[in-house]
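1. Turn this into a model:
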Amino acid sequence: MKLKIFTLWLAVAGPLFAATPPRVSPAGLDSIFQAARAYAPGASREPFGVLEQLIQSSQPGDVVRKELEQRMVRFLDSNASDEAKRLVCRQLWVMGTDGSLKALEKLLAGSNTCAMACYALRNYPGDAANAVLRTALEKAQGSALLDVINALGDRRDAKSVPALASHLARADSEAAPAIIAALGRIGTRQAFAVLEPIIAANDNPNAMPARFAAVQIAQRLMQEDKKSEATAVFKRLQQAPGSPRIERAILLGLVQLGDASARDLVAEALHGSDPLMRSTAIAQIPRLKNQDDAQSFIFELDKAEPIAQAQLVDAFAARKELAALPEIQLLSYSERPAVANAALRALGRYDSITSIPMLIAAVNRGQPVENVVAAIDSLRQLTAASVNERIAAALPDAPVAARPDLIEVLVARQATAFVPLFVQLAADPDAKVAGAALKAIGRLGTPDHMAALLQRLVANPNADTETAVIQLAQKIVGAGKQSEPVLAVYAATTSVPGRAALLRVLAETAGPKALATVVAATADPEEAIRDAAIRSLANWPEVAALKVVLSHAQSAQKTAHQVLLLRGYLRLLAIPGQRDPAQTLQNYEAAFQLANRLEERRQALSGLGESGVPGALKLIQPLLDDPAVQAEAVLACVTAAKSATEPDKELVKAVLQKAIQVATDPKVKAQARALLNQLK
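-> Down below sits the predicted model:
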């Protein structure tokens, strides 16, 4: 069957895509519709899939579409099964025109076929389809009546309102909800007029559905900018018993419409017992059109429950209601954490320098962490020119625990003018304050501040000062220039801890002179200096140190030093450079001779495999028999083989064959096998 349909598709689609405008083979269409007519539930829907593709590849008004629609009309009038006709109606939903209305009108009259016709008609353009449905409404019964009612509602046919009203007057309990829902979707003032008597009748079981439908009508009228009509519907709904959902909808609608009663509705909900309604009402305060209406709720800030207080603060902040700012500033001192948090967040949105004392106080007085974060965020948001000055002025008197946070605020605000203050605070006896100040200097300072920090580093070596010095040095422009201030201080320093700290800094600033100084320090009489120098050499970032690092690794007296230097040497080897491939191979040979521990041997294998240098496989091959590094050796072989330029192709094959034999990782083994197959 699939082959047959595919053949039919070719018969149709061939000329369809080849011609402009497309022309469809009549014989091909005959075959497809014949196959569709034979469809039974559970069989293949492929014929309908072909029809769908034909429709999608055509355009409205094409000859193809006209021919398809005509054939679909005849199909609907044939003896095809109801299910087959339903599938055709799905296609008419996409491309049907007035030309198929008569056929669909016949289906509307059948209890078994009405639903499929209504489905197709839901998407028809123009009023002709509405007229067909209105005619069907006069005769339809049972489930067919419900189908027609729903279709008219979906199409928002305003002309059907009188007929729907007539049906509603005599409708049984089954049809009434469908009519009410349809009137809600139609959404006109006339539709509401039909529902109005039901809305007011408390003893009518359809009263509540009618009220929900009326809400839908009011919202539709708002969308169409029919404000007076929408307002009238909402006002009428206010007079009828509702539900919390309807009351919230009325509130939202009248606020959006700017009705004068909106303020009273918000006030009523604010003092009501429904917390969701209260939250909804408070959220509408920023949307109140009249400023006096919004300001009338400021006095509620003092007496509302904590949750409502926080919500009111958010509402006034969203509105940036200046009249509420003094109250919100007072609430930032609230003993209720959630209220204080809302106030602290709001002060940042107001962007007023009068809020700075409250925000600094929140950082100072040991608030919960989330409130300190809120205060800090608000301080960062303030834009007035004097904000930085006020924060800086508060620093000396601030509690020790608050100073690091205030320093961080100034850093976030890029307050570069206060780096001298940070230099002073770097001497603070509290380690956290000093650390925050040093970080601030590193981020905001300039190389001009290095001299003071270098003296501090020599006098009191610590990691924070070292980091700040390095950050400032890295701002110096020019090759080798970054180390010059450090070298000048090193030459004049006699303190062993100070010289050791400077050597660690030189490992980050680098340069030829710095390298020579560090190398010389490896022979210093002081053991602490030698240790710092060797560690700096092991961390050296420039490839120029490669030979000297290897030399010191080969002559190291301490195992720890040899390990560090070897790791540094392997790290430098992995940096791309202009080395001769043969030299790189010799470098790795030297590394393997020194690598007594598994960690360094594995590191060397990984680097050698990635190096891509000729001869790498010869160096790796013997390690395939070493159980300790076998897995790393296999991976290195595979990696090296990918870029191997070995003149001896047989060596590559032999190494890969060996790797396949000993590999335990299925993925690596598969890669090796694939590479080997490429060589055959």
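2. what's the average pLDDT for stretch 348-358?
-> In this model, stretch 348-358 carries a mean pLDDT of 91.
3. Sorry, wrong one. I was asking about stretch 479-494.
-> Regarding stretch 479-494, the rounded mean pLDDT is 93.
4. Please tell me how far the closest residue to E526 other than its chain neighbours sits from A27.
-> The spatially closest residue to E526, leaving aside those adjacent along the chain, is V496, at 5.3 Å (C-beta to C-beta, 6 or more residues apart in numbering). In this view, the C-beta of every residue, glycine as well, is placed from N, C-alpha and C. To A27, V496 is 101 Å away according to C-beta to C-beta, to the nearest Å.
5. same check, this time on M277
-> From M277 to A27 the distance is 68 Å (C-beta to C-beta).
6. and the two? which has more neighbours close in?
-> Legend: neighbour count by other C-beta atoms under 10 Å for M277 and A27, higher for M277 (19 against 11).
7. got the contact list for that one?
-> Residues near M277 by C-beta atoms under 8 Å, 6 or more residues apart in numbering: P244, E247, R248, L251, A269.
8. With respect to R236, which of those is nearest?
-> E247 (13.8 Å; C-beta to C-beta).
9. Could you count how many residues lie near that closest one?
-> E247, neighbours per other C-beta under 10 Å, totals 20.
10. R456 touches D428, doesn't it?
-> No. In this structure R456 lies outside contact range of D428 using C-beta atoms under 8 Å: 11.8 Å.
11. Show me which of those two is the more surrounded one.
-> R456 (20 against 16).
12. Distance-wise, check the more buried one relative to A640.
-> With C-beta to C-beta as the criterion, R456 and A640 are 50 Å apart.
13. again with R390
-> Counting by C-beta to C-beta, the gap from R390 to A640 is 64 Å.
14. Compare neighbour counts for those two and give me the winner.
-> Higher neighbour count among R390 and A640: A640, with 27 against 16, using other C-beta under 10 Å.
15. For the more buried one, give me its contacts.
-> So A640 contacts L608, G609, S611, G612, A616, L617, I620 (C-beta under 8 Å, 6+ apart).
16. where does the chain dip in pLDDT?
-> 1-24, 171-173, 644-648 (pLDDT under 70).
17. which residue sits closest to the residue sitting nearest the centre point of it in space, ignoring its chain neighbours?
-> For the chain, D377 is the residue whose C-alpha lies nearest the centre (C-alpha atoms, centre = their mean; 21.7 Å). Distances taken as C-beta to C-beta, 6+ apart place G348 nearest to D377, at 6.0 Å, with adjacent residues excluded.
18. so what's the one you found up against?
-> Residues near G348 by C-beta under 8 Å, 6+ apart: S355, L359, D377, S378, L379, R380, Q381, L382.
19. how many other residues sit next to the nearest residue to N79 once chain neighbours are set aside?
-> Excluding its sequence neighbours, the residue lying closest to N79 (C-beta to C-beta, 6+ apart) is R37, at 7.8 Å. Residues lying near R37 (other C-beta under 10 Å) number 16.
20. pretty sure R37 contacts A80?
-> Yes. In this structure, R37 is within contact of A80 by C-beta under 8 Å, at 4.6 Å.
21. picking that back up, and the residue nearest to N79, how far from R71?
-> From R37 over to R71 the distance is 11 Å, taken as C-beta to C-beta.
22. What helix or strand is A488 located in?
-> helix 484-491 (DSSP states H and E).
23. okay, the angle between the following helix or strand past that helix and helix 484-491?
-> Per DSSP H and E, the first helix or strand lying C-terminal to helix 484-491 is helix 496-509. If you take axes from the mean of the first three to the mean of the last three C-alpha atoms, to 10 degrees, helix 496-509 sits at 160 degrees to helix 484-491.
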